[in-house]
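A.B. asks: Here's my sequence, what's the structure:
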Amino acid sequence: MTEMGQTIGQLAAAAGVNRQTVRYYQRRGLLEQPPRPAHGYRRYEQAALERLRFIKRAQALGFTLDEIKHLLVLSDGRCAGVQARHRPSAMTSIGALMTSRAYAARWMKRSPLAGGATPTPIAR
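C.D. replies: Okay, the predicted model is just below:
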């Protein structure tokens, strides 16, 4: 790259999504669109890539885009009142998802389908 930042195509590729996904997140207010220079393409900084990766990780954990938008507002520190109201429930949701993930991993290890020897509670 001769200029600072990445084009939308480079950003999308680095995040493992396509350009339309980046544009969709911009329309939903999850990702800011950088200004277009007089000559050339918009350039996205490293923070945009980190934000895209956060969105994808949060989706993988089961958060909706609306919930992710709230989490992003909290992380941006744009609204102390929103942060105070939603942080406890967000942390509770994250904790519950982590517990569920750990349970699912243990369950899969014990599953006969996964090569485990012990029958699962559902199989008993």
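
A.B. asks: quick one, helices of the protein?
C.D. replies: Per DSSP state H, the chain carries helices over the ranges 8-15, 19-27, 46-60, 65-76, 80-110.

A.B. asks: Check the model's average confidence along the fourth one for me.
C.D. replies: Put plainly, it is helix 65-76. Averaged across helix 65-76, pLDDT comes to 85.

A.B. asks: wait, isn't residue 43 in contact with residue 7?
C.D. replies: Yes. Residue 43 lies in contact with residue 7 (CB atoms under 8 Å); the separation is 6.9 Å. Bear in mind the C-beta positions are built from the backbone N, C-alpha and C, glycine included.

A.B. asks: These two - which one has more neighbours?
C.D. replies: Taking other CB atoms under 10 Å, residue 43 and residue 7 do not tie; residue 43 has more neighbours (19 against 16).

A.B. asks: got the domain boundaries for this structure?
C.D. replies: Following the assignment in automatic domain parsing, the chain carries domains at 1-63, 79-124.

A.B. asks: Where does the prediction get shaky in the protein?
C.D. replies: Along the chain, segments meeting pLDDT under 70 span 1-3, 76-84, 86, 114-124.

A.B. asks: tell me, what residue is most central in it?
C.D. replies: residue 55 (2.0 Å; CA atoms, centre = their mean).

A.B. asks: Next up, the contacts around that one.
C.D. replies: Listed by CB atoms under 8 Å, 6 or more residues apart in numbering, the contact set of residue 55 reads 25, 30-31, 65, 68, 72.

A.B. asks: Repeat the analysis, applying 7 Å as the threshold.
C.D. replies: Residue 55 sits next to 25, 30, 68 when contact means CB atoms under 7 Å, 6 or more residues apart in numbering.

A.B. asks: rewinding a little: nearest to residue 37, out of the helices of the chain?
C.D. replies: helix 8-15 (13.6 Å; CB to CB).

A.B. asks: any residues touching that closest one, and which ones?
C.D. replies: 6, 18-19, 21-22, 42, 44, 48-49, 52-53, 56.
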